[in-house]
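Novice: Sequence plus the predicted model coming up.
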Amino acid sequence: MGGIILNTRPAIYRDRVHKAFADLGWPIVDCAVMVPQSISAFFPPPDQFDAIVFTSPLAVRFFPSAATWQSKKVYALGPGTEEAAKDAGFGDIVRTGFDAEDMVYILDRAPFTKALYASGEDVTVDLAKNLPGRVHRVTLYRMIARVDLPDEIAVALKNGTHVIAPLFSKRSASVLSDVLTKAGLNQSNTHITAVGISQDVVAGPGPWRTSAVAAQPTLEAVAAAAQSVIEETKL
């Protein structure tokens with residue numbers, strides 16, 4: 001008995017998500033739980049910085065494409081952000097691990113003088129506060145939460161379809177929980193498995209019947225955890 005993979009990520013991540021989950025054998029349905037919105041930001045002069053910090057592909061997307069910035073060294077969190085920085089024309093890129101803890105550790109030891117930290121409004125860790133004086137934060141976008149569930153997804157859930165929902169942040173888990181609850185869906189009348197990129201993402205209460213956690217905080221590890229869930233349904 002099959003089911004569907006619910007892609008909760010914004011459209012900018014669609015291709016990477018679909019590629020990661022393509023071999024699982026279940027159709028992927030796009031349902032972004034949050035949509036990015038640009039914020040007007042004041043950028044200090046580029047000559048005040050010798051590095052840029054990106055923690056997401058969205059930060060790269062909303063960053064200005066001026067050549068004066070593209071010559072800077074970039075510190076990018078995770079393979080997706082690294083790839084986005086390369087696509088945007090940055091050449092000198094250092095990948096800083098997979099999570100905020102990795103990034104703080106590497107930035108604290110990195111040989112830059114001052115870095116511009118391009119971020120969203122809502123962050124797990126404010127790198128500027130962790131590295132005062134060396135990192136200056138500029139907020140480029142905010143995430144707008146979805147307020148309801150598409151009818152076709154609600155119908156599939158009510159009909160008993162097993163839905164695997166990969167979740168990549170505590171906020172995305174909270175928003176998905178809210179729209180599911182608003183649609184009258186809960187553990188007793190649906191079969192949802194939440195797959196978190198880390199334990200804290202799925203640690204709180206939610207309308208999902210079961211949950212799983214990726215072995216590493218990467219998209220590929222989330223897909224592997226989802227694969228394990230699918231294999232268990234075949235037993």
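Specialist: Yep, it's here.
Novice: What are the buried residues along stretch 106-114?
Specialist: Neighbour-count burial for stretch 106-114, counted by 16 or more other Cβ atoms under 10 Å, picks out 107, 110, 112. Yep, even glycine has a C-beta here, placed from its N, CA and C like the rest.
Novice: Give me the subset of those residues lying in helices.
Specialist: Under the assignment DSSP state H, the buried residues of stretch 106-114 contribute Leu107 to helices.
Novice: Let's have the buried residues of stretch 106-114 in TSV, adding distance to Gly204 and pLDDT.
Specialist: Putting the buried residues of stretch 106-114 into TSV (distance: Cβ to Cβ, whole Å; pLDDT from 0 to 100) gives the following:
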residue	distance to Gly204	pLDDT
Leu107	29	93
Ala110	34	93
Phe112	36	94
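Novice: Of the buried residues of stretch 106-114, which is the nearest to Asp50?
Specialist: Closest to Asp50 out of those is Phe112 (5.2 Å), distances taken as Cβ to Cβ.
Novice: Could you find the closest non-adjacent residue to that closest one?
Specialist: Spatially, and ignoring its direct neighbours in sequence, Phe112 is nearest to Ala51 (3.8 Å; Cβ to Cβ, 6 or more residues apart in numbering).
Novice: so the one you found bridges to which residues?
Specialist: Counting by DSSP bridges, Ala51 is bridged to Lys73, Ala115.
Novice: Show the contacting residues for it.
Specialist: 72-75, 110, 112-116 (Cβ atoms under 8 Å, 6 or more residues apart in numbering).
Novice: please redo it, this time with the cut-off set to 6 Å
Specialist: Residues near Ala51 by Cβ atoms under 6 Å, 6 or more residues apart in numbering: 72-73, 112, 115.
Novice: And the strand ranked longest in the chain, what does it pack against?
Specialist: The residue-count maximum for a strand in the chain (DSSP state E) belongs to strand 135-145. With contacts defined as 3 or more Cβ pairs under 6 Å, 6 or more residues apart in numbering; DSSP states H and E, the packing partners of strand 135-145 are strand 34-38, strand 115-120, helix 127-130.
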